[in-house]
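> build me a model:
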Amino acid sequence: MNEKLGAAVEACSDDRDTIASSSASSSQDGTHPVPVEKGATSPEHITPINDRHSIIRASEDLRRTASNILTQVASRITTRHWDEPPPPLDGGLKAWTQVAMGFLVLFSTWGYANSFGAFQAYYTETLPESPSTISWIGGIQVFLALTVGILSGRLLDAGIFTPVFFVGIVVQVLGIFLMSISTRYWQLFLTQGVLSGLGAGIYFTPAISLVNTYFDKRRGFAVGLATAGNAAGGAIYPVIVRQLIPKLGFAWTTRVIGFLNLGMLSIAFAFMRPRLPPRKSGPILELAAFKEPKFAGYLTSSFFLFWANYYTFYYIASYGTQVLNLSYSSASVLVIIINGVGLPFRIVVPMLADRIGNMNVILPVTAIWVVVSFTWLAVRDVAGYYAFTVIYGIVSASFQCLFPSTVARISPRLDTIGTRLGMAFSVGALASLTGPPIGGAIQAASGGGFLAPQLWAAASTVLSFVLFTALRIHMGGLSLKVKC
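As a prediction, this is how the structure comes out:
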């Protein structure tokens with residue numbers, strides 16, 4: 001009997017902790033284990049070896065099941081297991097309808113924003129603020145129109161385009177109508193700058209991203225047609241400001257712009273529809289994209305171009321009035337020219353890019369841009385200034401029309417275009433926010449002359465060209481035959 005008891009105790013020696021915890025649990029429940037008397041065995045209190053093996057196997061099965069569940073959950077919050085989206089249509093009535101609606105969106109967004117040069121000249125004459133301070137209105141408008149796309153672009157990928165687009169229309173149009181009753185700088189900053197920019201940012205990035213998802217081989221041409229709305233609007237809005245302010249006054253001129261935007265955006269809202277299935281999972285920001293040499297290099301190079309570009313666009317009319325003694329009406333014509341002259345090039349240049357590659361077009365365009373930027377230093381009369389304005393508008397439009405489609409081409413998946421375009425536009429937003437005020441501050445520090453800010457803008461363009469050259473070599477080497 002003692003030998004049996006000794007064998008039983010030895011078999012249970014590895015499970016003393018388990019027995020002790022069971023005993024403690026039994027004590028808490030008000031029950032007590034029956035002690036094993038000397039010389040007697042109590043089988044009910046001894047766990048058989050086979051039972052213990054079964055418990056261990058069940059525990060391992062449970063752990064494997066939990067691991068499988070966690071793996072499935074983790075796969076839903078990463079980008080490694082997304083299903084590939086369906087291929088683009090690359091044509092058809094529905095696809096080209098999105099292009100036409102994209103034209104209206106850019107007409108009412110960037111046509112309006114890029115015409116700020118006309119407002120800049122008007123505010124300089126009517127508000128007791130410096131040109132540098134006034135330029136913050138247009139700077140914050142463009143900054144928000146681009147930066148908010150970080151969030152709204154991801155919402156397109158998530159499949160909630162329509163409500164986002166509607167909210168953006170309401171906010172932008174509300175800002176324009178409130179602008180019509182604004183008389184002070186801070187009021188214009190909040191209405192024309194913050195509200196209008198915020199509304200545009202909510203709907204712009206999803207809209208242009210949506211157009212990209214409908215095309216592949218003809219993506220550059222399609223996006224170029226849509227961005228032609230930028231040039232068309234940039235020519236129309238300054239005409240409205242120039243012709244109506246003397247006749248109707250600032251308030252009703254602004255209301256006319258508000259009704260025009262409301263009509264354009266309402267038509268776009270009625271017809272624009274997303275094509276791709278919603279991507280519910282995935283991050284709002286793909287920070288890993290900034291580690292990709294192509295993506296990071298392209299955005300860095302573009303930043304310095306936008307820096308110089310927005311300064312020139314905002315001060316093109318002010319230079320005419322302050323240096324060449326043009327009237328406000330005549331200087332406003334320059335804003336119309338620099339925006340509108342690029343209209344045909346926004347169509348032709350993307351067609352060429354579709355054939356030989358976006359970077360193979362961007363690099364020579366940037367080289368020409370460098371030369372044109374330095375020619376501003378040689379302008380001495382009105383005729384020369386008009387010539388400079390025309391060429392600058394052409395090279396600026398040739399680059400801007402390729403910016404969205406290039407981001408799409410270096411993105412690995414169609415259903416990440418909204419997210420990546422939002423990130424790319426935010427970099428341009430930073431340049432638009434800081435470029436005009438920095439140029440204005442340089443002008444003020446140099447005694448009010450334009451020479452110093454002109455040199456700064458030209459130097460920024462040179463730096464951009466150097467960076468684009470390095471990027472082109474990284475992507476395609478030294479061979480000019482490589483499409484990239």
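> so who does the residue nearest the centre of the chain touch?
When C-alpha atoms, centre = their mean is applied to the chain, the residue found nearest the centroid is Gly422 (1.8 Å). Contacts for Gly422 (C-beta atoms under 8 Å, 6 or more residues apart in numbering) come out as Gly149, Ile150, Leu151, Ser152, Gly153, Arg154, Thr205, Ser209. Using the backbone N, CA and C atoms, a C-beta is placed for each residue, glycine as well.
> which of those are buried, as a ChimeraX select command?
In ChimeraX syntax, the buried subset of the contacts of Gly422 is picked out as below (16 or more other C-beta atoms under 10 Å):
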select :149,150,151,152,153,154,205,209
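> export the contacts of Gly422 to JSON lines and append columns for secondary structure.
Converted to JSON lines, the contacts of Gly422 look like this (DSSP: H, G, I helix; E, B strand; the rest coil):
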{"residue": "Gly149", "secondary structure": "helix"}
{"residue": "Ile150", "secondary structure": "helix"}
{"residue": "Leu151", "secondary structure": "helix"}
{"residue": "Ser152", "secondary structure": "helix"}
{"residue": "Gly153", "secondary structure": "helix"}
{"residue": "Arg154", "secondary structure": "helix"}
{"residue": "Thr205", "secondary structure": "helix"}
{"residue": "Ser209", "secondary structure": "helix"}
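> flag the shaky bits of the chain, pLDDT-wise.
Counting by pLDDT under 70, the ranges of the chain that qualify are 1-86, 280-284.
> 80 - rerun?
By pLDDT under 80, the weakly predicted segments of the chain are 1-90, 114-115, 117, 132, 156-158, 276-285, 328-329, 332, 413-417, 432.
> mind naming the longest helix for it?
helix 219-271 (DSSP state H).
> right, and Val256 touches Gln243 too?
No - using C-beta atoms under 8 Å, Val256 makes no contact with Gln243, being 10.2 Å away.
> show me what counts as buried in the helix or strand hosting the residue nearest to the centre of the chain.
Applying DSSP states H and E as the criterion places Gly422 in helix 417-445. For helix 417-445, burial by neighbour count (16+ other C-beta under 10 Å) applies to 417-429, 431-440, 442-444.
> cool, and stretch 245-260?
Ile245, Phe250, Thr253, Thr254, Arg255, Ile257, Gly258, Leu260.
> go on, stretch 368-379?
Trp369, Val370, Val372, Ser373, Trp376, Val379.
> would you put the C-alpha positions of it in PDB?
Output of stretch 368-379 as PDB, limited to C-alpha atoms (Å, rounded to 0.1, in the frame of the first residue of the first chain):
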ATOM      1  CA  ILE A 368      13.200  76.200 -69.600                       C
ATOM      2  CA  TRP A 369      11.600  77.400 -66.400                       C
ATOM      3  CA  VAL A 370      15.000  78.300 -65.000                       C
ATOM      4  CA  VAL A 371      15.900  80.400 -68.000                       C
ATOM      5  CA  VAL A 372      12.500  82.200 -67.900                       C
ATOM      6  CA  SER A 373      12.800  82.900 -64.200                       C
ATOM      7  CA  PHE A 374      16.100  84.800 -64.800                       C
ATOM      8  CA  THR A 375      14.700  86.800 -67.700                       C
ATOM      9  CA  TRP A 376      12.400  88.600 -65.200                       C
ATOM     10  CA  LEU A 377      15.500  90.400 -64.000                       C
ATOM     11  CA  ALA A 378      15.900  91.900 -67.500                       C
ATOM     12  CA  VAL A 379      12.300  93.300 -67.800                       C
END
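> please enumerate the helices of the stretch 351-484 of the chain.
In the stretch 351-484 of the chain, the helices defined using DSSP state H, counting those that start in this stretch lie at 358-375, 382-400, 403-409, 417-445, 451-476.
> can I get those helices in a markdown table including distance to Ser327?
Formatted as a markdown table, these follow (distance: least, C-beta to C-beta, whole Å):
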| stretch | distance to Ser327 |
| --- | --- |
| helix 358-375 | 24 |
| helix 382-400 | 11 |
| helix 403-409 | 34 |
| helix 417-445 | 21 |
| helix 451-476 | 23 |
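> to Ala288, which of the ones you listed lies closest?
Closest approach to Ala288 among the helices of the stretch 351-484 of the chain is made by helix 417-445 (11.0 Å; C-beta to C-beta).
> quick revisit: hey, what's the angle from the longest helix of the chain to helix 382-400? Just curious.
For helix 219-271 against helix 382-400, the angle between stretch directions is 80 degrees (axes from the mean of the first three to the mean of the last three C-alpha atoms, to 10 degrees).
> same for helix 219-271, what does it pack against?
helix 93-114, helix 116-126, helix 161-179, helix 196-213, helix 328-340, helix 345-356, helix 382-400, helix 403-409 (3 or more C-beta pairs under 8 Å, 6 or more residues apart in numbering; DSSP states H and E).
> so which of those helices is nearest Val142?
Using C-beta to C-beta, the helices and strands packed on helix 219-271 put helix 93-114 closest to Val142, at 5.5 Å.
> could you export that closest one as PDB, CA atoms only?
What follows is helix 93-114, C-alpha atoms only, in PDB (Å, rounded to 0.1, in the frame of the first residue of the first chain):
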ATOM      1  CA  LEU A  93     -18.700  57.600 -71.700                       C
ATOM      2  CA  LYS A  94     -18.500  57.200 -67.900                       C
ATOM      3  CA  ALA A  95     -14.700  57.800 -67.800                       C
ATOM      4  CA  TRP A  96     -14.800  60.900 -70.000                       C
ATOM      5  CA  THR A  97     -17.700  62.300 -68.000                       C
ATOM      6  CA  GLN A  98     -15.500  62.200 -65.000                       C
ATOM      7  CA  VAL A  99     -12.900  64.100 -66.900                       C
ATOM      8  CA  ALA A 100     -15.400  66.800 -67.900                       C
ATOM      9  CA  MET A 101     -16.600  67.000 -64.300                       C
ATOM     10  CA  GLY A 102     -13.000  67.300 -63.100                       C
ATOM     11  CA  PHE A 103     -12.600  70.200 -65.500                       C
ATOM     12  CA  LEU A 104     -15.400  72.000 -63.700                       C
ATOM     13  CA  VAL A 105     -14.000  71.200 -60.300                       C
ATOM     14  CA  LEU A 106     -10.600  72.600 -61.200                       C
ATOM     15  CA  PHE A 107     -12.200  75.600 -62.800                       C
ATOM     16  CA  SER A 108     -14.000  76.600 -59.600                       C
ATOM     17  CA  THR A 109     -11.100  75.600 -57.300                       C
ATOM     18  CA  TRP A 110      -7.800  76.600 -58.800                       C
ATOM     19  CA  GLY A 111      -9.100  79.000 -61.400                       C
ATOM     20  CA  TYR A 112     -10.500  80.900 -58.400                       C
ATOM     21  CA  ALA A 113      -7.400  80.400 -56.200                       C
ATOM     22  CA  ASN A 114      -4.900  81.300 -58.900                       C
END
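> quick one: buried residues of that helix?
95, 98-114.
> check stretch 158-166 too.
Result for stretch 158-166 [16+ other C-beta under 10 Å]: buried residues Ala158, Phe161, Val164, Phe165.
> put the alpha carbons of that stretch into PDB.
Provided in PDB are the C-alpha atoms of stretch 158-166 (Å, rounded to 0.1, in the frame of the first residue of the first chain):
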ATOM      1  CA  ALA A 158     -12.600  54.400 -48.200                       C
ATOM      2  CA  GLY A 159     -15.600  54.700 -50.500                       C
ATOM      3  CA  ILE A 160     -17.300  57.800 -49.100                       C
ATOM      4  CA  PHE A 161     -16.700  60.200 -52.000                       C
ATOM      5  CA  THR A 162     -20.200  61.700 -52.400                       C
ATOM      6  CA  PRO A 163     -20.900  63.000 -48.800                       C
ATOM      7  CA  VAL A 164     -17.300  64.400 -48.600                       C
ATOM      8  CA  PHE A 165     -17.800  66.200 -52.000                       C
ATOM      9  CA  PHE A 166     -21.100  67.700 -50.800                       C
END
